[in-house]
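Asks: The sequence and its predicted three-dimensional model are supplied below.
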Amino acid sequence: MIRKSMIFIALIFFIANAYAVEPVGKIIQLVNDVDITSLTTGEKITPQAGFVINTDHKIRTGKRSFAEILLNNGTRIQMRDISVLNVSSLKDNKTEEPTRLRLLTGKLRVSVKKVFSKGHTLLLKTPTAIAGIRGTDFGVIATIYETKIIVFDGKLDVASSNQKIIKSFQLRSREESDIKKDTPPTPPRSVPEEVANTWFDRYDIDEQNRIKDKTKASEGLLDSILRKRTH
C-alpha cells in the first residue's frame, strides 16, 4: 500500500513538472489584433501592455498588427503581422540551456542583449530552418515552405530543420540566406544597406502561406505596362 502511494505521489509530481511554466518576459507594446493561447489548456487571452509571457504561451498577431516583447534577459523581440511565436525556454546565465524560440509563421526581428561566451545564446526554430545565435540582431520571415533570414549585426549559424541535411552556413552582418523545405540553406549573400533597412517591407506572406517578393512583383507589373505601351 505504501509503495502504491509513493508511486501515485511520484506520478503527480511528474505530471505537475511536465506542465510547469516559467515566466520569460512581458509584452511592452502591441497594436491591433494580438492574442495569446495556452498550449496546455487552449485558453485564449487578449493581452495588454505589461502582460507577462511564459513558456506555455503561443503569441499571435493578426493582419496589420504588431507586438514587442522584452525577455527577462534583455532580448527584444518584434513580431510583425500574421505571426505565431512560442518562447519555450530562457537563458539567463552561462550554465542554462539556450533561449528557444519557435516561429510557426510570420515576421520576427530579434535583438540579443546578453551574450554568453560558450555555446549558443539563443536557438530559433521555424518549420524549415534552425538558427543558432551567440549575439546578434537579426530578422526572419517564415512559412511552412521557406525561411528567409538576415543578420543586421553580428553573426548567426543557420541550417535546415531536416536533421538529415548537414550542410550549414554562418551569416555575418548584412548577409542573408534562404532555407526551403528539406533543402540546405543557400550560401550567404551580401545585402546592400538600403535593402537591409527596408528588408521586412520587401516581402509579404500570401494566402497560400508562401513568401512573396513585392519588389519583383512591382518590377513585373512595370515591365508588363512598358511592353503594352511599345506595342
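Replies: Ah, there it is. All values derive from a computational prediction rather than experimental measurement.

Asks: Is Lys180 bridged to anything, and to what?
Replies: Note on Lys180: beta-bridge partners by DSSP bridges are Glu146.

Asks: Distance-wise, check it relative to Ile59.
Replies: If you measure Lys180 against Ile59 using C-beta to C-beta, to the nearest Å, the figure is 26 Å. Placement of C-beta: from N, CA and C, glycine included.

Asks: the more surrounded of the two?
Replies: Shown here are Lys180 and Ile59; by other C-beta atoms under 10 Å, Ile59 has more neighbours (24 against 17).

Asks: in the sheet, who's paired with that one?
Replies: On the basis of DSSP bridges, Ile59 is bridged to Ile36, Leu85.

Asks: same thing with the one 10 residues further on?
Replies: Note on Ile69: beta-bridge partners by DSSP bridges are Ile27, Ile77.

Asks: can I assume it is in contact with Phe51?
Replies: No - in this structure Ile69 lies outside contact range of Phe51 using C-beta atoms under 8 Å: 9.6 Å.

Asks: more crowded one of the two?
Replies: Using other C-beta under 10 Å as the criterion, Ile69 and Phe51 rank with Ile69 on top: 23 against 19.

Asks: tell me the contacts of that one?
Replies: Shown in contact with Ile69 (C-beta atoms under 8 Å, 6 or more residues apart in numbering): Gly25, Lys26, Ile27, Ile28, Ile53, Ile59, Arg76, Ile77, Gln78, Met79, Val87.

Asks: now it: how far from Val34?
Replies: Ile69 sits at a distance of 10 Å from Val34 (criterion: C-beta to C-beta).

Asks: got any residues that touch both of those two?
Replies: Between them, Ile69 and Val34 share these contacting residues under C-beta under 8 Å, 6+ apart: Ile27, Ile59.

Asks: Worst mean pLDDT across the helices and strands of this structure, which element?
Replies: The helix or strand of the chain with the lowest confidence, counting by mean pLDDT, DSSP states H and E, is helix 2-18 at a mean of 43.

Asks: where does the chain dip in pLDDT?
Replies: 1-19, 116-119, 217-231 (pLDDT under 70).

Asks: 50 instead?
Replies: Across the chain, the ranges flagged by pLDDT under 50 are 1-18, 218-226.

Asks: Helices along that one, start to end?
Replies: 2-18, 193-197, 214-229 (DSSP state H).

Asks: Tell me the buried residues in the second one?
Replies: Neighbour counts using 16 or more other C-beta atoms under 10 Å place Ala196 of helix 193-197 among the buried residues.

Asks: Give me the contact list for that helix.
Replies: By C-beta under 8 Å, 6+ apart, helix 193-197 touches Ile150, Phe152, Arg174, Arg202.

Asks: same thing but 7 Å
Replies: Applying C-beta atoms under 7 Å, 6 or more residues apart in numbering, the contact partners of helix 193-197 are Ile150, Phe152, Arg174.

Asks: Report the contact partners of the residue lying closest to Gly62 once chain neighbours are set aside.
Replies: Of all residues not flanking Gly62 in the chain, Asp33 sits nearest, at 3.1 Å (C-beta to C-beta, 6 or more residues apart in numbering). Contact analysis of Asp33 by C-beta under 7 Å, 6+ apart lists Thr61, Gly62, Lys63, Ser65.
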